[in-house]
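Asks: Structure, please.
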Amino acid sequence: GDPMGGIWIGTLAGLVYSRDGRFETYTTQDGLPSNEIRALVWDRAGNLWVGTDGGVSRLHDGQFTTYGSAQGATPVDIRAIAEDRSGTVWVGAGSDGLFRIENGGLTALTTRDGLAFEGIQAIFEDPEGHLWLGTNSLIQDGAKLVMRPEDILEELNVSRYTLQTKQTVKALVPDSSEEV
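Replies: Next up, the predicted model:
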């Protein structure tokens, strides 16, 4: 969480920080790619990752760094962010697929790389270290996704769970036995 004890709030008009009854709003004028905030996650290093409809940024020491074309890809319509146990940050885009941020670089992963669907709405790492991806009407079990040395996501016997209701999967959490 916030090292200063405040609360960070994602809104459609920017990123709001509240502490001691005071509110401060961060917008595109402060370095965000968009004012429409859709996802927030703290990583273990104390960085706040901010997903917007215009891209993903990292807040570190009061400065925003936006990841995009300079790193080789431009994720937009960010819906989910998660950090895995190795420190890799995963970013799910509503229509652009899955992105991996690692060592300052950004890698795009799409259906060409083994994703079942490019509209990633939720990301969850289970206790075994497998990523689960929630999409439209589908949950993809990342247990069957492996990273090759070439940094390409390959589909190997992927388990797919089609939901009876054909609803979009917006969030994933384990039950009391740590099962997804």
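Asks: Okay, the residue most central in space within the chain and residue 53: tell me how far apart.
Replies: With distances taken as CA atoms, centre = their mean, residue 81 lies nearest the centre of the chain, 1.7 Å away. Distance, residue 81 to residue 53, by CB to CB, to the nearest Å: 14 Å. From N, CA and C alone the C-beta is placed, and that goes for glycine too.
Asks: what sits against the closest residue in space to residue 31 that isn't next to it in sequence?
Replies: Excluding the flanking residues, the one nearest residue 31 by CB to CB, 6 or more residues apart in numbering is residue 64, at 3.4 Å. Residue 64 makes contact with 26, 30, 31, 32, 50, 57, 58, according to CB atoms under 8 Å, 6 or more residues apart in numbering.
Asks: Just the CA coordinates for the helix or strand where residue 64 lies, please, in CSV.
Replies: Applying DSSP states H and E as the criterion places residue 64 in strand 63-67. Below are the C-alpha coordinates for strand 63-67, written out as CSV (Å, rounded to 0.1, in the frame of the first residue of the first chain):
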residue,chain,number,x,y,z
GLN,A,63,7.1,11.0,-11.3
PHE,A,64,5.0,9.1,-13.9
THR,A,65,6.7,6.9,-16.5
THR,A,66,4.4,5.8,-19.3
TYR,A,67,5.1,2.5,-21.1
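Asks: Downstream of that strand, the next helix or strand is which one?
Replies: Immediately after strand 63-67, counting by DSSP H and E, sits strand 78-83.
Asks: Can you list the strands that the next helix or strand after that following strand pairs with?
Replies: Following strand 78-83 in sequence order, the next helix or strand is strand 89-93 (DSSP H and E). Here strand 89-93 has these sheet partners by DSSP bridges: strand 78-83 (antiparallel), strand 97-102 (antiparallel).
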